[in-house]
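Undergrad: the following comprises the amino acid sequence and a computationally predicted model.
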Amino acid sequence: MGPHNAQLYTVVFPIEEGKGGDRRLLLGLKKRGMGVGRWNGFGGKPEPGESLDACARRELEEECGLRTRRLQYVGVLLMSGTDCPDLTIFVYTARDLEGDVAESDEMRPRWFGEGEIPYDGCHPEARLWWPGMLGGERFVARFTFGRDGGVEHDIQPADDARLAELESLARP
Ligand SMILES: CNc1ncnc2c1ncn2[C@@H]1O[C@H](COP(=O)(O)OP(=O)(O)OP(=O)(O)O)[C@@H](O)[C@H]1O
């Protein structure tokens, strides 16, 4: 299992830090396709020849209208299950945001305070790794979905070298 023969995706979480240290997260309610009806970051599949970083920036702007001067690659999700193809999702945070938040065909965006994240309306494993991500952790997380709807997980801290290695395995 790994990025070699999995479907590749990016997902980007725009974050705004307030003066008092409070944080807000922009999530989008997915309006169609994969993950419809759930709150998530903004992202999708890279186009042929497109870098993951470029994909993350493009999807961010297409789906919620924002650009960023500080995109950080913070983690990788390795997802597998008996009844679905393997997915490898490259996770980014976006700060120093530019532009105006705008709804798209795909996403209805909304800001949430760190304490108001609607985990019941997100992918079920989100609550396992979003708090760490918001706290600045970098990680590799494996999720294995069972037929019974359960999910096994293994979340490990990752340094630059480990993250770069996973990114290079995914490169065409
Ligand atoms: C199972 N747990 C999961 N947890 C967190 N995020 C998940 C996810 N499963 C899928 N995702 C994300 O959902 C989006 C789908 O993107 P999706 O709209 O299908 O891609 P893209 O825009 O390329 O599609 P079209 O080709 O336009 O249909 C994309 O951000 C991808 O990272």
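TA: Sure, I can see it.
Undergrad: and W130, which of the three is it?
TA: Put simply, W130 is helix when judged by DSSP: H, G, I helix; E, B strand; the rest coil.
Undergrad: and it, what is it in contact with?
TA: I117, Y119, C122 (CB atoms under 8 Å, 6 or more residues apart in numbering). (Glycine included, C-beta is placed from N, CA and C.)
Undergrad: please spell out the ChimeraX selection for the buried subset of these.
TA: ChimeraX command restricting the contacts of W130 to the buried ones, with burial defined by 16 or more other CB atoms under 10 Å:
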select :117,122
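Undergrad: Throw the contacts of W130 into CSV and include pLDDT, distance to L27 and secondary structure, thanks.
TA: Below are the contacts of W130 laid out as CSV (pLDDT from 0 to 100; distance: CB to CB, whole Å; DSSP: H, G, I helix; E, B strand; the rest coil):
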residue, pLDDT, distance to L27, secondary structure
I117, 98, 7, coil
Y119, 98, 11, helix
C122, 98, 8, strand
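Undergrad: quick one: contacts for the residue lying closest to D96 once chain neighbours are set aside?
TA: Once flanking residues are discounted, D96 sits nearest to R69: 3.9 Å by CB to CB, 6 or more residues apart in numbering. R69 sits next to R95, D96, L97, E98 when contact means CB under 8 Å, 6+ apart.
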